[in-house]
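K.L.:
Quick one: sequence and predicted model below, then my questions.
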Amino acid sequence: MDYQLRPAVLADHDWIYDCKAASIRCYVEPVWGWDEAFQKLDFDGDFVSIGQFQVIESSAKPIGFLQVLEGKDCVEVAELHLLPDYQGQGIGSSILRRLLADCRERRCTLRLGCFKESHRAQAFYQRLGLRQTAETETHYILEMTP
């Protein structure tokens, strides 16, 4: 499927929040409960760094978003979410493969976290070559280092 990445703008705020909530609520709710006010405040704190966000579009329609934190020796995928109708079509794989290729070229690590309960995502990341390097109470941390 064809897609494009574009920088997020302030007008994307609510759509990105709704996309994230739709994507992670099923993992957050059983662990911490879903506190809408807290989630919005937490997201607002992240969105202050709007330059880290990109909107994933297909046919000029938003279908997901990406948040990447760039460091000297590490690129961290803080968020990668696609609407359910667009999952399993190779978009996430394509985005992560681009990031992995960039990290190899720059000789830096690609890192991301994955909810422990998200077995489908874990398998997906491992197929791409990322390996678990750490874990928290709720997440596995996966990395690929050149």
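P.N.:
Yes, it's here.
K.L.:
is it true that residue 82 touches residue 92?
P.N.:
Yes. Checked against C-beta atoms under 8 Å, the pair residue 82 and residue 92 is within contact range at 6.0 Å. Any C-beta I mention is one placed from the backbone N, CA and C, and that applies to glycine too.
K.L.:
Who are the contact partners of residue 78?
P.N.:
Neighbour list for residue 78: 46, 52, 67-69, 112 [criterion: C-beta atoms under 8 Å, 6 or more residues apart in numbering].
K.L.:
Check residue 104 too.
P.N.:
By C-beta under 8 Å, 6+ apart, the contact list for residue 104 reads residue 146.
K.L.:
Give the burial count for residue 50, as a bare number.
P.N.:
Using other C-beta atoms under 10 Å, residue 50 has 15 neighbouring residues.
K.L.:
and it, how far is that from residue 17?
P.N.:
Counting by C-beta to C-beta, to the nearest Å, the gap from residue 50 to residue 17 is 13 Å.
K.L.:
downstream neighbour of the helix or strand where residue 22 lies in the secondary structure list?
P.N.:
Residue 22 is part of helix 13-32, with elements assigned from DSSP states H and E. Remark: after helix 13-32, the chain's next helix or strand is helix 36-47, criterion DSSP H and E.
K.L.:
Just want the angle from that next one to helix 13-32.
P.N.:
Using axes from the mean of the first three to the mean of the last three C-alpha atoms, to 10 degrees, the direction of helix 36-47 lies 120 degrees away from that of helix 13-32.
K.L.:
Parallel or antiparallel, list what pairs with the helix or strand just after helix 36-47.
P.N.:
Sequence-wise, the next helix or strand downstream of helix 36-47 (DSSP H and E) is strand 53-58. Paired neighbours of strand 53-58 in the sheet (DSSP bridges): strand 4-7 (antiparallel), strand 61-70 (antiparallel).
K.L.:
what's the most buried one of those strands?
P.N.:
Using mean count of other C-beta atoms under 10 Å, the stretch among the strands paired with strand 53-58 with the largest mean neighbour count is strand 61-70, at a mean of 18.
K.L.:
what is the rounded mean pLDDT of the helix or strand following it?
P.N.:
Under the assignment DSSP H and E, the closest C-terminal helix or strand after strand 61-70 is strand 74-82. For strand 74-82, mean pLDDT is 96.
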